[in-house]
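Engineer: Quick one, what's the 3D model for this:
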Amino acid sequence: MHGAPLVGWLLVALCAATGAYCLLQMRGEPPGPGRRVAGAEALMGWGMAAMAVPSTVLDPRPWGPPAFAAVFAVAAVRALLPMVRGAGLPGHRLHHAIGALAMVYMALAMMTGTTGGHHHTGQTAPGRMAGGVPLLTGVLLVYFAVYVVRSGLRLVPITDGALDGAGARAVDDAGAGAGAGAGSAGIGWSRRPELRHACRLSMGIGMCAMLLTV
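Structural biologist: Numbers count the residues shown, from 1 in each chain. All right, here's what the predicted structure looks like:
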């Protein structure tokens, strides 16, 4: 990733933490669409973390960009195939496909990056600029910005509901409070909906930040 190294390392930490949570969520999900969605989100989180490492620390060329492009091209196909068959969760599948294709696009931009001056050796200098297409970058930025706003709006009612539920349990008598506590303990923290939405929000913000460097 190009840009300030501090921003890159913050993105690495954010995306790696998100990917780790998604892995825990995948382990807690029963076999089915939910586990596959969590697995796709874990792959996206770890892939974004790897791609966000500042280029001044780790230059992935020449093997890195083609590897990223191949992995996420396969991920995009895997996300779209169930939609063709009419299976799975269409909204999540389409979003994962767009995210994977955005990763392919950024990997290709890494391969075609150019320097500020002329360079005829076929190599790109460490101070190179990414070789993205401005129009496509803008479209992806708008999509993920809208996704971030929508994810944030979805997260607010969930967290408000959790606080209201906590307050209601606090005024219950001891017996009812114990029963409510047992019920909430049955839902592991790795499957809490507010954390799931927060992770998706984090990845959307990370994607916007990475696209700004293309």
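
Engineer: So what's the residue count around Gly35?
Structural biologist: Slight slip there: residue 35 is Arg, not Gly. 15 (other Cβ atoms under 10 Å). For every residue, glycine as well, the C-beta is placed using N, CA and C.

Engineer: got it, and the one 5 residues further on?
Structural biologist: Residues contacting Ala40 under the criterion other Cβ under 10 Å number 22.

Engineer: After the worst-scoring helix or strand of the chain on mean pLDDT, which helix or strand is next?
Structural biologist: Sorting the helices and strands of the chain by mean pLDDT, DSSP states H and E puts helix 174-185 at the bottom, at a mean of 40. The helix or strand immediately downstream of helix 174-185 is helix 193-211, counting by DSSP states H and E.

Engineer: for that following helix, packing partners?
Structural biologist: Applying 3 or more Cβ pairs under 8 Å, 6 or more residues apart in numbering; DSSP states H and E, we find helix 193-211 packed against helix 5-28, helix 33-52, helix 90-111, helix 134-171.

Engineer: got the CA coordinates for that helix in PDB?
Structural biologist: Output in PDB follows, covering the C-alpha atoms of helix 193-211 (Å, rounded to 0.1, in the frame of the first residue of the first chain):
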ATOM      1  CA  PRO A 193     -24.900  -9.300  15.700                       C
ATOM      2  CA  GLU A 194     -23.500  -6.000  16.700                       C
ATOM      3  CA  LEU A 195     -19.900  -7.300  16.500                       C
ATOM      4  CA  ARG A 196     -20.700  -8.800  13.100                       C
ATOM      5  CA  HIS A 197     -21.900  -5.500  11.800                       C
ATOM      6  CA  ALA A 198     -19.000  -3.600  13.400                       C
ATOM      7  CA  CYS A 199     -16.600  -5.900  11.600                       C
ATOM      8  CA  ARG A 200     -18.300  -5.300   8.200                       C
ATOM      9  CA  LEU A 201     -18.200  -1.600   9.000                       C
ATOM     10  CA  SER A 202     -14.500  -1.800   9.700                       C
ATOM     11  CA  MET A 203     -13.800  -3.600   6.500                       C
ATOM     12  CA  GLY A 204     -15.800  -1.100   4.500                       C
ATOM     13  CA  ILE A 205     -13.800   1.800   6.000                       C
ATOM     14  CA  GLY A 206     -10.600  -0.100   5.300                       C
ATOM     15  CA  MET A 207     -11.600  -0.600   1.700                       C
ATOM     16  CA  CYS A 208     -12.300   3.100   1.300                       C
ATOM     17  CA  ALA A 209      -8.900   3.900   2.700                       C
ATOM     18  CA  MET A 210      -7.100   1.500   0.400                       C
ATOM     19  CA  LEU A 211      -9.000   2.700  -2.700                       C
END
